[in-house]
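*Asks:* let me see the structure of the following:
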Amino acid sequence: MGAKLIETIYGNIQGLKSSQLKQLERLYHQRLPGDRFTTPEFAQRAAAISTEIDEPICVYINRRGQVIRVGVGTPRQTQIPPLELPRYGGGRLSGIRCIATHLKPETPSEAALTAMAIQRLDALVWLTLTGGGFQRRGGGATGYIQAAYLAHLIPQGENFTEDKPEEIDKGEKLSEVALSADTPVVGTQSTTPALKTSFLWKVSEPLSLETLASQDFLDLVEGLEAEFEGEFVAKEVDADQDKVLLVGVMTQEMTQQHFEDGLVELVRLVETAGGQVLQTLRQKRSRPHPQTVVGEGKVQEISLTAQTISANLVVFDRDLSPAQVRNLETQIGIRVVDRTEVILDIFAQRARSGAGKLQVELAQLQYSLPRLRGRGQAMSRQGGGIGTRGPGETKLETERRAIAKRIARLQQEVNQLQAHRFRLRQQRHHREVPSIAIVGYTNAGKSTLLNVLTNAEVYTADQLFATLDPTTRRLTIPAAVTGEPLSIVLTDTVGFIHELPPALIDAFRATLEEVTDADALLHLVDLSHPAWQNQIRSVMNILTEMPVTPGPALVAFNKIDAVDGETLAIAREEFPQAVFISAAKALGMETLRHRLAQLVQYAISPR
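*Replies:* Below you'll find the model as predicted:
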């Protein structure tokens, strides 16, 4: 029985006597009227226990009047994880109210009100204690409560009327408090402006216990939910589009500019994937928190902000471990993904050919396998012996094995694709046709350039990763030495990006070999992008990490029609051998053909 008590009483129960734990457990046996916030008897009983153990306690009650959770601590310390809260649909409250005791004669703290907002509680009843009291004959407790406060959420931007007689007695007005986080959260090291949300709540003036107990709970809640529902419907314009809250974490090895450039790129990635970024939160830390990436206070802020702006997805600007994703989703209550998963989703949308779909599926499965929810190795029933016999494998273990088999089969198919493309390249080598691979950051204009040079009719768009499949076309240019027509092949490859996910590099090895097997590279750079120098470094880093060193490269700066003279001068100074073009306006094409001929001559000449 003792183990059961420990499991059902939440919060900090260390040091409590078994008799005190039994008193707390007996609260689960109480039943309150469904149309009242509390009764004087129940409130006094909770206050008596809190006084005896000298700790605040919280009792959570559903709309049927049943006690569903008892915790030792403040509302923040004992709050119900969002994923365990009932889901009544958008615009609804959670259907749970909290009765919280407080040892000092203070109004509800901002931390308690924030916990109420995160859980979307029906109401928070805040009982301040006298520090004394007495037990009446027959076991009733009284005299433990000094004052009671009633707090509840109100719709955003609404001026809640104060003319409801059942809400408060005449002469006792509610004070409206707007949620803000102007005070820094301890331990977060955040230097960015504090979050201001539009969540509003109301907190009553001090009420007598009898006044509080006489108010109609259901009438208030039903009225509030009607307003919340109307507000939710007004927001729900495009239900098919993910409403995204971005979270960026700046660690000590990052510069401010590099951090902000990464967030701007992540916004583009989310939009390319079909999401809408509603807000971005930032935190500066010396290093990511091993369990939740950000600190405890920031997790609370993320959860509350997601509630406030009606986000249904949180996207982090860095890779998350499976454990971090689980911890964050448990505390925030909505889906959490990292940057890699956003990129994988874009690739899944963009893949058009069988080869592209094959490689994307492999990358997604390799990424998702360790993220299957479950007990990991502990759930495996292989090996025989005690504990391995019985009803058979769990569904999750079956899925894990099915995915592992699928990955093995896809790996074989990718190897076959590699072999097929290798044979095609060998045929070109036998015919002595020089090859140039166009490489560059995503959205640099590679497909547009291929179309202009060869009339390839490859799909182009002002999007990240608009094309995934390599396209090879023949181009005739005048030879560098003789001036006679020279046939070369140009290959448009998949775009690169900063910290390209390892799963994609492995899955797209057949595509990336088009780069390493080419005689030379044309490195296309979007000069109009504010971070063009960082993009060059990112592409060069990926090229140097390839198993086979690529051939010589010519840097071509694209979109010169969209840049100012100062940027052009900086680029010419840093890259004096580069060529400057505008693929969309067909500017500099003759110069580019001439420089490509020189590049081919250099690449294929014996050295």
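
*Asks:* find me the pLDDT at Q416, would you?
*Replies:* Note on Q416: pLDDT of 81.

*Asks:* Three-state assignment for it, please.
*Replies:* Following DSSP: H, G, I helix; E, B strand; the rest coil, the label given to Q416 is helix.

*Asks:* burial measure for it, as a count.
*Replies:* Q416 has 12 neighbours, counted by other Cβ atoms under 10 Å. Using the backbone N, CA and C atoms, a C-beta is placed for each residue, glycine as well.

*Asks:* just the helices in the stretch 251-400 of the chain please.
*Replies:* Along the stretch 251-400 of the chain, counting by DSSP state H, counting those that start in this stretch, helices occupy 256-272, 296-309, 322-332, 339-350, 354-368, 395-430.

*Asks:* Throw the ones you listed into a markdown table and include distance to A213, thanks.
*Replies:* A markdown table is the format used below for these (distance: least, Cβ to Cβ, whole Å):
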| stretch | distance to A213 |
| --- | --- |
| helix 256-272 | 49 |
| helix 296-309 | 29 |
| helix 322-332 | 34 |
| helix 339-350 | 50 |
| helix 354-368 | 52 |
| helix 395-430 | 48 |
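
*Asks:* give me the helices and strands touching the helix or strand L486 falls within, please.
*Replies:* When elements are assigned from DSSP states H and E, L486 belongs to strand 485-492. Contact here means 3 or more Cβ pairs under 8 Å, 6 or more residues apart in numbering; DSSP states H and E; on that basis strand 485-492 packs against strand 435-440, helix 446-454, strand 471-478, helix 589-604.

*Asks:* nearest to G95, out of these?
*Replies:* helix 446-454 (52.6 Å; Cβ to Cβ).

*Asks:* so for that closest one, mean pLDDT?
*Replies:* In this model, helix 446-454 carries a mean pLDDT of 89.

*Asks:* tell me which residues touch T292, please.
*Replies:* Shown in contact with T292 (Cβ atoms under 8 Å, 6 or more residues apart in numbering): 299, 324, 327-328, 331.

*Asks:* and if you look at P86?
*Replies:* By Cβ under 8 Å, 6+ apart, the residues touching P86 are 62, 94-96.

*Asks:* returning to what we had before: which one of the contacts of T292 sits closest to T255?
*Replies:* Q324 (24.3 Å).

*Asks:* ok, the closest one - contacts?
*Replies:* Q324 makes contact with 290-293, according to Cβ under 8 Å, 6+ apart.

*Asks:* now do A273
*Replies:* 242, 342, 345-346, 349.

*Asks:* quick check: bridge partners of the spatially most central residue of the chain?
*Replies:* Nearest to the geometric centre of the chain sits V315, at 2.2 Å (Cα atoms, centre = their mean). V315 has the following beta-bridge partners by DSSP bridges: L246, V337.

*Asks:* list the contacts of the strand holding L486.
*Replies:* 428, 433-438, 446-447, 449-450, 453-454, 456, 458, 467, 470-479, 514, 518, 522, 596-597, 600.

*Asks:* lowest-confidence helix or strand of the chain?
*Replies:* Here the helix or strand of the chain ranked lowest by mean pLDDT, DSSP states H and E is strand 174-180, holding a mean of 35.

*Asks:* what ranges in the stretch 351-500 of the chain fall below the confidence cut-off?
*Replies:* By pLDDT under 70, the low-scoring segments of the stretch 351-500 of the chain are 352-353, 355, 372-398, 421, 424-431, 456-463, 466-469.

*Asks:* same thing but at 90, please
*Replies:* 351-435, 437, 442-447, 450-451, 454-474, 478-487, 489-500 (pLDDT under 90).

*Asks:* one step back: chain center to the strand holding L486: distance?
*Replies:* Centre-to-centre, strand 485-492 and its host chain are 43 Å apart (Cα atoms, centre = their mean, to the nearest Å).

*Asks:* and what of stretch 248-256?
*Replies:* That offset, for stretch 248-256, works out to 18 Å (Cα atoms, centre = their mean).

*Asks:* could you tell me the end-to-end distance of that stretch?
*Replies:* Stretch 248-256 has its terminal residues 12 Å apart, counting by Cα to Cα, to the nearest Å.

*Asks:* SS state for the residue of the chain most remote from its centre?
*Replies:* Going by Cα atoms, centre = their mean, the residue of the chain most distant from its centre is T482, 57.4 Å out. Three-state call for T482 (three-state DSSP): coil.

*Asks:* circling back to that earlier point, show me the contacts for the residue nearest to the centre of the chain.
*Replies:* 244-247, 266, 270, 275, 336-339, 342.

*Asks:* let's see that with 7 Å instead.
*Replies:* Counting by Cβ atoms under 7 Å, 6 or more residues apart in numbering, V315 touches 244, 246, 266, 270, 337, 342.

*Asks:* can you lay out those as JSON lines showing distance to V70?
*Replies:* Shown next, in JSON lines, are the contacts of V315 (distance: Cβ to Cβ, whole Å):
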{"residue": "V244", "distance to V70": "37"}
{"residue": "L246", "distance to V70": "37"}
{"residue": "L266", "distance to V70": "42"}
{"residue": "V270", "distance to V70": "41"}
{"residue": "V337", "distance to V70": "35"}
{"residue": "V342", "distance to V70": "41"}
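
*Asks:* reformat the residues you listed as CSV; add pLDDT and neighbour count.
*Replies:* Below are the contacts of V315 laid out as CSV (pLDDT from 0 to 100; neighbours: other Cβ atoms under 10 Å):
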residue, pLDDT, neighbour count
V244, 93, 25
L246, 95, 21
L266, 92, 23
V270, 92, 22
V337, 91, 21
V342, 89, 23
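
*Asks:* what's the domain layout of this protein?
*Replies:* 2-235, 243-337, 429-604 (automatic domain parsing).

*Asks:* export these to JSON lines and tack on distance to E399?
*Replies:* Below are these laid out as JSON lines (distance: least, Cβ to Cβ, whole Å):
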{"stretch": "domain 2-235", "distance to E399": "20"}
{"stretch": "domain 243-337", "distance to E399": "15"}
{"stretch": "domain 429-604", "distance to E399": "19"}
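
*Asks:* lowest average pLDDT across the ones you listed?
*Replies:* Among the domains of the chain, domain 2-235 carries the lowest mean pLDDT (a mean of 76).

*Asks:* hmm, back to that, out of the helices of the stretch 251-400 of the chain, nearest to D219?
*Replies:* Within the helices of the stretch 251-400 of the chain, the stretch nearest D219 is helix 296-309; the backing value is 24.2 Å (Cβ to Cβ).

*Asks:* now do the closest one: which elements does it pack against?
*Replies:* helix 110-119, strand 196-204, strand 243-250, strand 276-284, helix 322-332 (3 or more Cβ pairs under 7 Å, 6 or more residues apart in numbering; DSSP states H and E).

*Asks:* that one to strand 243-250, inter-axis angle?
*Replies:* Orientation check (axes from the mean of the first three to the mean of the last three Cα atoms, to 10 degrees): helix 296-309 against strand 243-250 gives 160 degrees.

*Asks:* put the alpha carbons of helix 296-309 into PDB.
*Replies:* Taking Å, rounded to 0.1, in the frame of the first residue of the first chain, the C-alpha atoms of helix 296-309 are listed here in PDB:
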ATOM      1  CA  GLU A 296      13.300  25.100 -17.300                       C
ATOM      2  CA  GLY A 297      12.000  28.700 -17.400                       C
ATOM      3  CA  LYS A 298      12.300  28.900 -21.100                       C
ATOM      4  CA  VAL A 299      10.400  25.600 -21.600                       C
ATOM      5  CA  GLN A 300       7.600  27.200 -19.600                       C
ATOM      6  CA  GLU A 301       7.800  30.300 -21.800                       C
ATOM      7  CA  ILE A 302       7.700  28.100 -24.900                       C
ATOM      8  CA  SER A 303       4.600  26.200 -23.600                       C
ATOM      9  CA  LEU A 304       2.800  29.400 -22.700                       C
ATOM     10  CA  THR A 305       3.700  31.200 -25.900                       C
ATOM     11  CA  ALA A 306       2.500  28.200 -28.000                       C
ATOM     12  CA  GLN A 307      -0.800  28.400 -26.100                       C
ATOM     13  CA  THR A 308      -1.100  32.100 -26.600                       C
ATOM     14  CA  ILE A 309      -0.400  32.200 -30.400                       C
END
